[in-house]
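Undergrad: coordinates only, sequence not included:
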C-alpha cells in the first residue's frame, strides 16, 4: 500500500482545501495527495486569486509564507479576520523557530516546512485542522443551544397556554419573520420578544426596544429613523435613530398601535424597502432589521375603524403570538410568585410565602397581570415582619377591587367614566403617569391627551 493511501486517514469527504502557493510542481503534488484523500482542492498562485477563492468558503487553507510578492504574515492576519472559521496551515521553505512562533501567535493551526519529505504528514495535518474546526463549530452550536434555553427559561411559566407560546418561540428559531405579539399590558411582551431575538439567527446582533406610546409626538420620526445635525431646532448632532441602532439585530416596537397614521405610512415604507431616510438627509440608507411589534389593542378592530393601516398590520403580523392574561392561567401564579420572592428577597430575611398568602395570590384577579404580581411581591418582601410573607403582608383586598365607577350624580356619561378611569389609575399608581398609562393599556402621550380633554 502506498504511504499516502487515503485508507489510513479519516478524511472529511468533500471538504474544501485551498492550496495557496506559487510553485506549480508543489501545487500539483499537493492536489494529487489531497484529492486521493477525499478533499476538494482549490488553487491560488497569488494574493489576488487567494482572495477570490475565499468566496468558495474553504475549510482549510495551505498558505505559502511567501506568496509571490505578498507577505504571508499579512495574508495570514487578513485570512484570520475575513474567515475566522477557516483553519490555516502555513508552508515555508525558509523555516525558523521565530517565524513558526509568529505564525502560531497570529492564529495559524500548524506550520509545515517545504519540501515535504512525507506526504502523510500533510494529510494528517489537514485532518487534524478539520477536526479542530468541527469541534469549534459543535461547541458554538452547543453554546447557542444553551443561550436559547437560557432565553426561554427566563419566561417563567407552567400553564399549557404559555407552553404553547414558548413552543412557537422555539419554532421561530430558524427564521426571521416579523412577529406581532398581542396581549394586555403587563403580560411580559418584551420578555417574550427578547426570547424570540435571543433564540434567532440574529442573537449576536442588538435588541433595541422602544415604547411607541412614550415617544414625544413631534419627535417620533426622528427617534425612529434618525436625523442629521441641523435638521431641526435642537438637532445639535447626527443621530442614527432606533432603526440604525438595531441594524443587524431586532427592533422591538412596543405598543405599536399608538403610532399616528402618518408615521405608520413611513414605517411601512421602511419595512418594504428595507431602508430609512434620516431627517435632513437626501439619500436613504439600507437597514437590516427584524421587527417584533407588540400591542394591547385589537389591531384588527383598529384596522376596521381606519385607525391602523391594513397593509402595515399584515406586514407586522407575519407571525402572531397571543399572550394570555394572568387571570386566565392561575397555575402560573405560584411559580411566578416563587420566582419574584427569590429575586426580591436577596439580602433580606424573607425565605418564602405562607400557604394562605399563596392562596390569596392565586385567588386575586391581577388586572395588571405579571407586572402587578411582581410589584406586589416586591412590596410584600419589603414589609414582611417574619421570614415568610403572610396574607396581611400582601396588602390585597379580600375581594377584587371594583372597577372605576361613575359618580352617582352622572348618568351614562362616557367622558365622566373615562376621566374616572384615568383618576383611578393615577390613584393606584400613586401619581406615576407612566405606570398609570401602562395599567390602562395606553401610551403616556395618549394618557395626557385624554386627561386634558376628559
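TA: Received the coordinates, thanks. Everything numeric here is computed off the predicted structure, so don't read it as measured data.

Undergrad: Next one: the residue nearest in space to the middle of the chain, what pLDDT does it get?
TA: Nearest to the mean C-alpha position of the chain, by Cα atoms, centre = their mean, lies residue 197 at 2.8 Å. Residue 197 is assigned a predicted lDDT (pLDDT) of 93.

Undergrad: you'd agree it is in a strand?
TA: No: with DSSP: H, G, I helix; E, B strand; the rest coil as the criterion, residue 197 is helix rather than part of a strand.

Undergrad: tell me the contacts of it?
TA: With contact set as Cβ atoms under 8 Å, 6 or more residues apart in numbering, residue 197 has these partners: 151, 203, 207, 249, 250, 252, 290, 292. From N, CA and C alone the C-beta is placed, and that goes for glycine too.

Undergrad: For the residue lying closest to the third one once chain neighbours are set aside, give its distance to residue 418.
TA: Read it as residue 207. Using Cβ to Cβ, 6 or more residues apart in numbering and skipping residues adjacent in sequence, the residue nearest residue 207 is residue 197, 4.6 Å away. Note on residue 197: its distance to residue 418, by Cβ to Cβ, to the nearest Å, is 36 Å.

Undergrad: Equivalent analysis for residue 32, please.
TA: Residue 32 sits at a distance of 84 Å from residue 418 (criterion: Cβ to Cβ).

Undergrad: So between these two, which is more surrounded?
TA: residue 418 (16 against 13; other Cβ atoms under 10 Å).

Undergrad: Which positions in stretch 38-55 come out as buried?
TA: Neighbour counts over stretch 38-55 (16 or more other Cβ atoms under 10 Å) mark 39, 41, 42, 43, 44, 45, 47, 49, 50, 53, 54 as buried.

Undergrad: which SSE is the residue nearest to residue 189 when sequence neighbours are not counted in?
TA: Excluding its sequence neighbours, the residue lying closest to residue 189 (Cβ to Cβ, 6+ apart) is residue 294, at 4.1 Å. Residue 294 is part of strand 290-295 when elements are defined by DSSP states H and E.

Undergrad: got the buried residues for the very next helix or strand once past that strand?
TA: Past strand 290-295, further along toward the C-terminus, the next helix or strand under DSSP H and E is helix 299-304. In terms of neighbour count (16+ other Cβ under 10 Å), helix 299-304 has its buried residues at 299, 302, 303.

Undergrad: Just confirm the second one contacts residue 259, I think it does.
TA: Which is residue 302. No: with contacts defined as Cβ atoms under 8 Å, residue 302 does not count as touching residue 259, sitting 10.8 Å away.

Undergrad: Can you name the residues bridging to residue 294?
TA: Bridge pairing for residue 294 (DSSP bridges) gives the partners residue 181.

Undergrad: mind giving me the domain split of the chain?
TA: Following the assignment in automatic domain parsing, the chain carries domains at 6-137, 154-322, 326-394, 414-453.

Undergrad: mind listing what the nearest residue to residue 183 once chain neighbours are set aside touches?
TA: With sequence-adjacent residues excluded and distances taken as Cβ to Cβ, 6+ apart, residue 183 is closest to residue 323, at 3.5 Å. For residue 323, the contacting residues are 162, 165, 181, 182, 183, 184, 187, 188, 189, 192, taking Cβ under 8 Å, 6+ apart as the criterion.

Undergrad: Mark which of those are part of helices, please.
TA: 162, 165, 189, 192 (DSSP state H).

Undergrad: Could you list the low-pLDDT ranges of the stretch 1-150 of the chain?
TA: 1-13, 95, 139-150 (pLDDT under 70).

Undergrad: before we move on, the earlier item: CSV please, covering the ones in helices among the contacts of residue 323 and showing neighbour count.
TA: Formatted as CSV, these follow (neighbours: other Cβ atoms under 10 Å):
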residue, neighbour count
162, 20
165, 20
189, 25
192, 27
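
Undergrad: Tell me the one among these nearest to residue 345.
TA: Sorting the ones in helices among the contacts of residue 323 by distance to residue 345 puts residue 162 at the head of the list, at 24.0 Å, by Cβ to Cβ.

Undergrad: So residue 17: helix, strand or coil?
TA: When the structure is split into helix, strand and coil by three-state DSSP, residue 17 lands in strand.

Undergrad: Show me what it is bridged to.
TA: Beta-bridge partners for residue 17, by DSSP bridges, are residue 41, residue 60.
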